[in-house]
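Colleague: Please find the sequence and the predicted model below.
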Amino acid sequence: MINMNDINTKLQSPLHSVTPLHLEESPNAALLLAKASIKTGRFKAGDTLPPMMAHWENLSIDKHHLQRYNTLCGFASEEMPATYLWTRAFPLIMTVLVSKQFPLKAMGQVHLRNQITVHRPFDIHKNFSITAVIDHSELSSKGLEWSIKISVFTDDQTVWSGRSTFLYQCKTGLERKSKPKMMPQGESQYWDLPSNLGRRYSVVSGDYNPIHLSPISAKLFGFKRAIAHGMWSKARCLAAIQHRLPSAEYSVEVNFLKPVFLPSKVQFFSNLRDNQQHFSLFSSSGDQMHLQGSIS
């Protein structure tokens, strides 16, 4: 069993006074979604988020599940891609979101950014543990931007880590900053995304957010049609350049900019710039950027 004090030291987070939320088994996805749909928030601009932690031990890789993920996301090999462990960490993220200790509403969160680091080669035959920690928060013109950090351990070593930044929309009074328009660069590919992509990825990832499932459920949250999961888009981009990725010691960072409506046709671009691999996802016409990423 992993010592929680050791984890606190490794994560360099002020969690000595926090009682971790422990998962003993995979939670029921339908129950998590039900809890998320009825949970209300009590956050007000200026409040700070509690330093929460969730932990899950003695996990293993289901090779059949991994193969389904790879097929859906476009990975050719049976090896574990950098984005796969995010699906295993998702129940921890949801456990934090639906917790009474967490002051934000669970539904309506906007995924802004995601960063993943593969520290060491991952042995899919070994058991592992996952820890999720509320990492950082700050106000922006659109609301509260907050991050959750995920760490995966095998043999008491960090082999993989990730951080996602979400937006909780609320009034802050801060001025909006303009951003330069980005143009497509590099080699391009066209991808046709089917209308059922969100439902198929939900089954594999456990993320059954209604905005991904159907036009009817998406309209309840202000979208004209269902939208693709951001983490599927990131995984599909990595699958397109997987032959250029090392086995470990690299990071992949993406910014999620505009939603990808389903069905749709999109353009993927990749290029090497300043000794760094860059990639992006645009609408078929090239006038809207959905995702921008880099590998270091």
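Modeller: Nice, I can see it.

Colleague: rest of the way, CA atoms for contacts and neighbours
Modeller: OK.

Colleague: and residue 91, that one's in a strand?
Modeller: No: using DSSP: H, G, I helix; E, B strand; the rest coil, the assignment for residue 91 is helix, not a strand.

Colleague: thought it was touching residue 27?
Modeller: Yes: the criterion here is C-alpha atoms under 8 Å, and residue 91 meets it with residue 27 at 6.8 Å.

Colleague: more neighbours, those two?
Modeller: Using other C-alpha atoms under 10 Å, the more surrounded residue of residue 91 and residue 27 is residue 91, with 23 against 14.

Colleague: Check what pLDDT the more buried one gets.
Modeller: At residue 91, the model reports a pLDDT of 93.

Colleague: Next one: it relative to residue 258, how far apart?
Modeller: For residue 91, the distance to residue 258 equals 25 Å [C-alpha to C-alpha, to the nearest Å].

Colleague: Residue 161 is in contact with residue 133, correct?
Modeller: No: the pair residue 133 / residue 161 is not scored as a contact, 11.3 Å apart, by C-alpha under 8 Å.

Colleague: and for the two, which residues touch both?
Modeller: Listed as contacting both residue 133 and residue 161 by C-alpha atoms under 8 Å, 6 or more residues apart in numbering are 149, 150.

Colleague: what does stretch 212-223 contact?
Modeller: Outside stretch 212-223, the residues within contact range by C-alpha under 8 Å, 6+ apart are 108, 196, 198-199, 202, 210-211, 224-229.

Colleague: And these, which of them are buried?
Modeller: Among those, those classed as buried by 16 or more other C-alpha atoms under 10 Å are 108, 196, 198, 199, 202, 210, 211, 225, 226, 227, 228, 229.

Colleague: now, which of those residues lie within strands?
Modeller: Judged by DSSP state E, these include no members of strands.

Colleague: Low-confidence stretches in the stretch 101-250 of the chain?
Modeller: Scanning the stretch 101-250 of the chain for pLDDT under 70 picks out nothing.

Colleague: try 90
Modeller: When residues are selected by pLDDT under 90, those of the stretch 101-250 of the chain lie in 101, 106-109, 135-143, 156, 168-187, 220-222, 244, 246-248.

Colleague: Tell me where the stretch 51-200 of the chain has helices.
Modeller: Along the stretch 51-200 of the chain, the segments classed as helices by DSSP state H, counting those that start in this stretch run 63-73, 84-98, 197-205.

Colleague: contacting residues around the longest one?
Modeller: Looking back up the chat, that one is helix 84-98. With C-alpha under 8 Å, 6+ apart as the test, helix 84-98 has contacts from 21, 23, 26-27, 32, 35-36, 39, 52-56, 66, 69, 102, 104-106, 130-132, 148, 150, 162, 204-207.

Colleague: Likewise for the last one?
Modeller: In this structure, residues lying in contact with helix 197-205 by C-alpha under 8 Å, 6+ apart are 65, 68-69, 72, 87-88, 90, 207-209, 212-214, 226-229, 232, 262.

Colleague: how about a cut-off of 10 Å?
Modeller: With C-alpha atoms under 10 Å, 6 or more residues apart in numbering as the test, helix 197-205 has contacts from 29, 65-66, 68-69, 72-73, 84-91, 196, 207-214, 226-229, 231-232, 261-263.

Colleague: contacting residues around residue 134?
Modeller: 13, 15, 49-54, 93, 96, 102, 146-150, 163 are the contacts of residue 134 under C-alpha under 10 Å, 6+ apart.

Colleague: Not counting sequence-adjacent ones, nearest residue to residue 147?
Modeller: Spatial nearest neighbour of residue 147, excluding adjacent residues (C-alpha to C-alpha, 6 or more residues apart in numbering): residue 165 at 4.2 Å.

Colleague: Quick check: buried residues in stretch 103-114?
Modeller: 103, 104, 105, 106, 107, 108, 111, 112, 113, 114.

Colleague: what does stretch 179-186 give?
Modeller: Within stretch 179-186, the residues that count as buried by 16+ other C-alpha under 10 Å are residue 184.

Colleague: distance between the ends of it?
Modeller: The straight-line separation of the ends of stretch 179-186 (C-alpha to C-alpha) is 21 Å.

Colleague: can you list contacts of that stretch?
Modeller: 267-273, 278-282, 286-289, 292.

Colleague: quick check, distance from it to the centre of its chain.
Modeller: Relative to the mean C-alpha coordinate of its chain, stretch 179-186 is positioned 23 Å out (C-alpha atoms, centre = their mean, to the nearest Å).

Colleague: Mind exporting the C-alpha coordinates of stretch 263-278 to CSV?
Modeller: C-alpha atoms of stretch 263-278 as CSV (Å, rounded to 0.1, in the frame of the first residue of the first chain):
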residue,chain,number,x,y,z
PRO,A,263,-21.2,14.9,-37.4
SER,A,264,-18.6,17.0,-39.1
LYS,A,265,-15.4,17.0,-41.3
VAL,A,266,-12.3,18.5,-39.7
GLN,A,267,-8.7,19.2,-40.8
PHE,A,268,-5.7,18.0,-38.8
PHE,A,269,-2.4,19.8,-39.3
SER,A,270,1.1,19.0,-38.0
ASN,A,271,4.5,20.6,-38.3
LEU,A,272,7.9,20.7,-36.7
ARG,A,273,8.8,24.2,-35.5
ASP,A,274,11.6,25.4,-33.2
ASN,A,275,12.6,21.7,-32.6
GLN,A,276,9.1,21.0,-31.3
GLN,A,277,6.2,19.1,-32.8
HIS,A,278,3.1,21.2,-33.1
